[in-house]
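Engineer: Build me a structure from this.
(chains A and B)
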There are 2 protein chains.
Amino acid sequence: MAEITRDMLGRQGLTRVDEALEILLARLGAVTLETEMVSLSAALDRITARPIISQEDLPAHTRSTMDGFAVQAVDTFGASESTPAYLRIIGEVVMGEQSSLVVDRGCCVRIPTGGLLPAGTDAVVMLEHTVPIDESLIEVVKAVGVGSNLIAPGEDIGKGSPALPAGYFLRPQDIGLLAGLGLDRVEVHRRLRVGVLSTGDEIVPHTDIPPPGKVRDINGITLSGLIQRAGATARLYGIVSDRRDVFFPALEKAVAENDIVLFSGGSSVGMRDLGEEAISTLGNPGILVHGVALKPGKPIIIGLTGTTPIFGLPGHPVSAMVCFELFVEPTIHHLSGRAAQNILPQPVVCARLGRNINSAPGRRDLIRVRLSRQDRGWAAEPVLGKSGAITTLSRAHGYFIIDEDSQGLTQDSEVKVILYP
Amino acid sequence: MAEITRDMLGRQGLTRVDEALEILLARLGAVTLETEMVSLSAALDRITARPIISQEDLPAHTRSTMDGFAVQAVDTFGASESTPAYLRIIGEVVMGEQSSLVVDRGCCVRIPTGGLLPAGTDAVVMLEHTVPIDESLIEVVKAVGVGSNLIAPGEDIGKGSPALPAGYFLRPQDIGLLAGLGLDRVEVHRRLRVGVLSTGDEIVPHTDIPPPGKVRDINGITLSGLIQRAGATARLYGIVSDRRDVFFPALEKAVAENDIVLFSGGSSVGMRDLGEEAISTLGNPGILVHGVALKPGKPIIIGLTGTTPIFGLPGHPVSAMVCFELFVEPTIHHLSGRAAQNILPQPVVCARLGRNINSAPGRRDLIRVRLSRQDRGWAAEPVLGKSGAITTLSRAHGYFIIDEDSQGLTQDSEVKVILYP
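Structural biologist: I've put the predicted structure just below:
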């Protein structure tokens, strides 16, 4: 249990995953991100800065919701199969045009779905409830009430009514709705900027052939992709030396230029100390969390300088990715002003676990898995690999979580797998 | 049952959803899309054109996978708590550097995880299995075999081994892997081009105030967003008249300039006929499917002219979106060359249905729902709206499917909801 109550340096208790995120988000408070106006064609995946209010009644005019005949409802009262009402067809509503016809008692007009109701009518009889007698006469075999089979002005949305809330992530269909409301531009929060420093004197650019003992920078480009996927803009500061006189000013510059800063690497104790010291030096409140009861991802440092969160991510790419998903992505969503859909659950694939997995109580384990089809349903095979192996990075289709109160799962247990997008 | 065996024009049987897609995909055959080289920073969400082969052994040199001591395994044979082995510490491996030390029998060297094994050693003893005696002497309390706690050259991936298959959709972590392999560019399929025509004389641009009887174009911008999300490039041809002399040449031009063409609208019988005739005129094989046993989305037309699929989508935005998801998106994935991950299941949210839903046997129903949190789990409330209502477009969080062999579901049934991304 020592693992649960002390961190890797033995200095403090490891924080639970949920608690670690709460500690940070509670400090961040309300979003004050600037906003910008963008055209609808550039609004996909952006976040609304304020509620979208309809500027007009939709539909503007009464329309039919069925193919049939526009009538005066009173003419159909009492109509049935045995005692049909007879109506004279005086014309046809053409889609997209306002008819000049005026419909008197005993008359009707052909109308398509979406057609505008002609003057004098107050209901639509469905085609299925009529029997043609000849070119100009129908039997109506079912009565309709006033307002049947039509949509009234403002019934879809009324002028002044909210169409979408603030803090809403815009999907294609939401932008379609905005187009339907006649909007051409929408006010959204500007994209968040996330700076990334790859630290460690053993890291070389991925385009280099590493000399013995060095490894290529994987985290820079992986984190950049994850940041993009989360809807923010990544700014890569390249590889920054572990040296104090290089790392401190580089981190300070990144904090000044971004909304969130990540540094990755620092698997050595020296680097962890340096990261901690740098965050403390940059300004209050400083270090919030150092070490989380999580596997992989335990050595994460979470700090805050002014209003800028700083994450010290583990150097191993898989661990860095796990920490990104659990801590950085929710922080990006929070600071982006994405509020309205936070309530949605995470979709999962149910699968059978391919082997026993042990987990320490008090720790959250994130088990990366590869899925394969089985006779019935799906099997989830844990993706394991020696520390430092990078091919395991891409082998997983997703992951499942073993919570703090579990000691593990046995083979064939059902697990809920969250797929990597 | 008439609905199942005849289409809206009474001319042919409605095709089942699965069958409709199979009819098209079977005709498309292998992907011959051109390829292009892109840098890793531009490779996110692209599709590999050929297998990625490692050009080197990774790791290049033997590394430790644990914090501990590099040793000659033979020195630890028989070591235990009661009969420890004693080893002299002659130095330390620094992360990122090749040690110049040569380790003799009876000696050892401190080594961090990821550190390069010094000459003379063939195993690592974990820190936990040692007891420090003084600054230069340790007890080893557990024996290790040759190769313990280290990763050998090429063990992660060998030179000439495949790292990723062809037809693979590149996620952030996959690009990280490519960086780890030292690649700077990757050959991917070019993005698919999808042309979109909004048809119907009742449609006006979304920036206009529609005169009575007209409605704004919603499908153009919604489909454009869905196309982008599917990884292709949308090209909007604007609003095209229902008139034969306008629509035919516009469709022909779009077919010449794109890999896939969508026209939406045409809810009128006249427009459906026109669309069908245009597809037939453009070239063989012509119409493949006209009318699918699906709600909403029944009147879809699927055609093929040469190698270019043409989809005539229903005019109602919700129906157009459903047809996009079920038919157009899989076609984009197929033609994009996205093969390797097709096998992955669709993640779902399990929820309780909020009301009874009837469904005609032989038809597939796609029920759009809004989710809300309940005491236990989630409730799925069907999003209903009168035909032509557009605010329902954005109300749904996702949908579930009622298959052809079901007659519907009762309230409180568990449904598997696919969330809109």
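
Engineer: in which helix or strand would I find whatever residue of the stretch 1-150 of chain A ends up closest to chain B?
Structural biologist: In the stretch 1-150 of chain A, the residue that lies nearest chain B is A:Gly96 (2.7 Å; Cβ to the nearest Cβ). No exception for glycine: its C-beta is placed from N, CA and C like everyone else's. Using DSSP states H and E, A:Gly96 maps to neither a helix nor a strand.

Engineer: Next, count neighbours for A:Leu384.
Structural biologist: 12 (other Cβ atoms under 10 Å in any protein chain shown).

Engineer: List the residues that contact the nearest residue to it once chain neighbours are set aside.
Structural biologist: Leaving aside its chain neighbours, A:Leu384 sits nearest to A:Thr392 (7.2 Å; criterion: Cβ to Cβ, 6 or more residues apart in numbering or on different chains). Neighbouring residues of A:Thr392 by Cβ atoms under 8 Å, 6 or more residues apart in numbering or on different chains: A:318, A:368, A:383-385.

Engineer: Could you do A:Ala250 as well?
Structural biologist: A:197, A:237, A:240.

Engineer: On the three-state scheme, it is what?
Structural biologist: helix (DSSP: H, G, I helix; E, B strand; the rest coil).

Engineer: Give me the distance between it and A:Leu274.
Structural biologist: Distance of A:Ala250 to A:Leu274, computed by Cβ to Cβ, to the nearest Å: 12 Å.

Engineer: Same check on A:Ile151?
Structural biologist: 65 Å.

Engineer: Over to A:Asp57?
Structural biologist: Noted for A:Asp57: a distance of 62 Å to A:Leu274, by Cβ to Cβ.

Engineer: helices or strands up against the longest strand seen in chain A?
Structural biologist: Using DSSP state E, we find that the single longest strand of chain A is strand A:364-373. Applying 3 or more Cβ pairs under 8 Å, 6 or more residues apart in numbering or on different chains; DSSP states H and E, we find strand A:364-373 packed against strand A:294-295, strand A:349-353, strand A:378-382, helix A:392-395, strand A:398-402, strand A:414-419.

Engineer: near chain B at all, the strand or helix carrying A:Arg88?
Structural biologist: Assigned by DSSP H and E, A:Arg88 belongs to strand A:85-92. No. Strand A:85-92 does not reach chain B (Cβ under 8 Å from any Cβ of the partner chain); its nearest approach is 11.7 Å.

Engineer: and that strand, what's its mean pLDDT?
Structural biologist: Averaging pLDDT along strand A:85-92 yields 97.

Engineer: How far away from the center of its chain is it?
Structural biologist: Relative to the mean C-alpha coordinate of its chain, strand A:85-92 is positioned 52 Å out (Cα atoms, centre = their mean, to the nearest Å).

Engineer: Could you check that strand and say which residues are buried?
Structural biologist: Across strand A:85-92, burial judged by 16 or more other Cβ atoms under 10 Å in any protein chain shown covers A:85, A:87, A:89-91.

Engineer: Tell me where the model's unsure across chain A.
Structural biologist: Flagging of chain A using pLDDT under 70 yields the residue ranges A:1-12, A:266-269, A:340-342.

Engineer: Name the residue closest to the centre of it, please.
Structural biologist: Central residue of chain A (Cα atoms, centre = their mean): A:Phe169, 6.7 Å from the mean position.

Engineer: I'd say that one and A:Asp45 touch.
Structural biologist: Yes. With contacts counted by Cβ atoms under 8 Å, A:Phe169 reaches A:Asp45, the gap being 6.9 Å.

Engineer: Mutual contacts of these two, please.
Structural biologist: With Cβ under 8 Å, 6+ apart, A:Phe169 and A:Asp45 have common neighbours A:Gly231.

Engineer: Which strands or helices does the helix or strand A:Val261 falls within pack on?
Structural biologist: In this assignment (DSSP H and E), A:Val261 forms part of strand A:260-264. Applying 3+ Cβ pairs under 8 Å, 6+ apart, one finds that strand A:260-264 contacts strand A:193-199, helix A:219-229, helix A:244-257, strand A:308-313, helix A:329-335.

Engineer: Just want the angle from it to helix A:219-229.
Structural biologist: Inter-element angle recorded for strand A:260-264 and helix A:219-229: 150 degrees (by axes from the mean of the first three to the mean of the last three Cα atoms, to 10 degrees).

Engineer: Which strand residues bridge the residue nearest to A:Ser280 when sequence neighbours are not counted?
Structural biologist: Spatial nearest neighbour of A:Ser280, chain neighbours left out: A:Gly286 (4.4 Å); criterion: Cβ to Cβ, 6+ apart. When bridges are called by DSSP bridges, A:Gly286 pairs up with A:Leu304.

Engineer: from memory A:Gly286 sits against A:Ile301, does it?
Structural biologist: No. Taking Cβ under 8 Å as the definition, A:Gly286 is not a contact partner of A:Ile301, at 10.4 Å.
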